[in-house]
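**Student:** Turn this into a structure:
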Amino acid sequence: MSSLDDSINNIFHLFIIAFALGLDAFSVSLTIGLFNIRLRKILYTSLLIGFFHTVLPLIGMVIGHFLSIKLPFLTSTVGGFLLILIGAYIVFTTFTMNEEKPLQLTYIKLFTLSLIVSVDSFPVGLSIGMAHLETMLMIFLIGMTSMLLAVIGMSIGRKVHGVFRSSSTVVGGVLLFIIGLYIIF
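**Tutor:** All right, here's what the predicted structure looks like:
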């Protein structure tokens, strides 16, 4: 029974990490949705966000796993500090970013936005690889959660006028910060 409890606890922690990363995509997607983009661009952008939120953490996990084998005494501490730094960075940039809107969201701009919003998942993957968490499950959860939250965000953004813009990013950053503290302590 203890093994089952540990598995459920691990899956819960993996989902929290995936959800925290997905909230960043959600907040950007809300802003994108404010441009009243068509369904085709919503699907395109959501698929790209899901793809990048899958590939970038995978690369980070592979590198993190390699480092954990070579430097096992540092892995959990470094991984925790990376999550704390990422969380703090997300919260800080949320309060300092400009709210300028591009005039037109072309497919190239949507591709670039999808990549940029996904870059923060690389160091999270790095820390997950150092912690030796279930890689395939984590990749699936991060990609699917980010993609679904992006679809939801853009759909809501089409209906709502910016009420949630920075708050969901702050929640995601705070969750990453807390998870980093949990890993260290």
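
**Student:** Distance check, the residue nearest the centre of the chain against residue 81.
**Tutor:** The residue lying closest to the centre of the chain (CA atoms, centre = their mean) is residue 21, at 1.9 Å. The gap separating residue 21 from residue 81 is 17 Å, by CB to CB, to the nearest Å. In this view, the C-beta of every residue, glycine as well, is placed from N, C-alpha and C.

**Student:** any chance you could map the helices in this protein?
**Tutor:** With DSSP state H as the criterion, the chain has helices at 2-33, 39-70, 75-96, 107-118, 121-131, 135-159, 165-184.

**Student:** and the closest residue in space to residue 181 that isn't next to it in sequence, what is it in contact with?
**Tutor:** The shortest distance from residue 181 to any non-neighbouring residue, by CB to CB, 6 or more residues apart in numbering, is to residue 84 (6.4 Å). Contacts of residue 84 were listed using CB atoms under 8 Å, 6 or more residues apart in numbering, and they are 176, 177, 180, 181, 184.

**Student:** Pipe these into JSON lines and attach neighbour count per row.
**Tutor:** Below are these laid out as JSON lines (neighbours: other CB atoms under 10 Å):
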{"residue": "176", "neighbour count": "30"}
{"residue": "177", "neighbour count": "20"}
{"residue": "180", "neighbour count": "22"}
{"residue": "181", "neighbour count": "14"}
{"residue": "184", "neighbour count": "14"}
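
**Student:** quick one: which two of those are the most distant?
**Tutor:** Comparing all pairs in those by CB to CB, the longest separation belongs to 176 and 184, at 12.8 Å.

**Student:** ok, residue 82 touching residue 126?
**Tutor:** Yes - under the criterion of CB atoms under 8 Å, residue 82 makes contact with residue 126 at 6.3 Å.

**Student:** Give me the more crowded residue out of the two.
**Tutor:** Shown here are residue 82 and residue 126; by other CB atoms under 10 Å, residue 126 has more neighbours (26 against 22).

**Student:** Quick one: residues contacting that one.
**Tutor:** Taking CB under 8 Å, 6+ apart, we find residue 126 in contact with 60, 61, 63, 64, 67, 79, 82.

**Student:** What residues does residue 142 make contact with?
**Tutor:** For residue 142, the contacting residues are 17, 18, 21, 22, 53, 54, 57, 121, 124, 125, by CB under 8 Å, 6+ apart.

**Student:** Next, work out how far apart the fifth one and residue 9 are.
**Tutor:** Residue 53 sits 23 Å away from residue 9 when distances are taken as CB to CB.

**Student:** Between these two, which is the more surrounded one?
**Tutor:** Each of residue 53 and residue 9 had its neighbours counted (other CB under 10 Å), and the higher figure belongs to residue 53 (34 against 10).

**Student:** residues in contact with the nearest residue to the more buried one once chain neighbours are set aside?
**Tutor:** Closest residue to residue 53 apart from its sequence neighbours, by CB to CB, 6+ apart: residue 146 at 3.8 Å. Contacts for residue 146 (CB under 8 Å, 6+ apart) come out as 18, 21, 22, 25, 49, 50, 53, 118, 121.
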